[in-house]
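A.B. asks: how does the following fold in three dimensions:
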Amino acid sequence: MSKLGKDLISALKETKKKGVVTLQTSPDVGKLRKKLKLSQREFSVMYHINIETLRKWEQHQREPDTISRAYLKCIQNNPNIIRELVNK
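C.D. replies: The predicted structure follows:
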């Protein structure tokens, strides 16, 4: 993962500690991925999400934690920018 991607995750963790990030619901990962016209493998590689984790989220076997929900929301709102940030 790029330094910028690591910085983004670090910033999200810091805002969580301060109580700034309080996302209670997660974007529907399957719908988001399909909207972006990506396979699970492509989405996983592009956004640095473990493929097994992604599958479990999509099958509702596991819910994303707060940091992951915030990250997914960022992807939902700005997929191209986030892709560029985490892949530099």
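
A.B. asks: can you give me the helices for the protein?
C.D. replies: 3-17, 29-35, 40-47, 51-58, 66-77, 79-86 (DSSP state H).

A.B. asks: tell me the buried residues in the fourth one?
C.D. replies: Read it as helix 51-58. Buried residues in helix 51-58, defined by neighbour count with 16 or more other CB atoms under 10 Å: 54, 57-58. Using the backbone N, CA and C atoms, a C-beta is placed for each residue, glycine as well.

A.B. asks: what helices or strands is it leaning on?
C.D. replies: Applying 3 or more CB pairs under 8 Å, 6 or more residues apart in numbering; DSSP states H and E, one finds that helix 51-58 contacts helix 29-35, helix 40-47.

A.B. asks: name the helices or strands packed onto the first one?
C.D. replies: For helix 29-35, the helices and strands in contact under the criterion 3+ CB pairs under 8 Å, 6+ apart are helix 51-58, helix 66-77.

A.B. asks: do you know which of the helices and strands packed on helix 51-58 lies nearest Pro64?
C.D. replies: helix 29-35 (7.5 Å; CB to CB).

A.B. asks: not counting sequence-adjacent ones, nearest residue to Trp57?
C.D. replies: Counting by CB to CB, 6 or more residues apart in numbering, Trp57 lies nearest to Val29, which is 4.6 Å off, once chain neighbours are set aside.

A.B. asks: from Lys6, how far out is the one you found?
C.D. replies: The gap separating Val29 from Lys6 is 22 Å, by CB to CB, to the nearest Å.

A.B. asks: what of Asp28?
C.D. replies: Asp28 is 27 Å from Lys6, by CB to CB.
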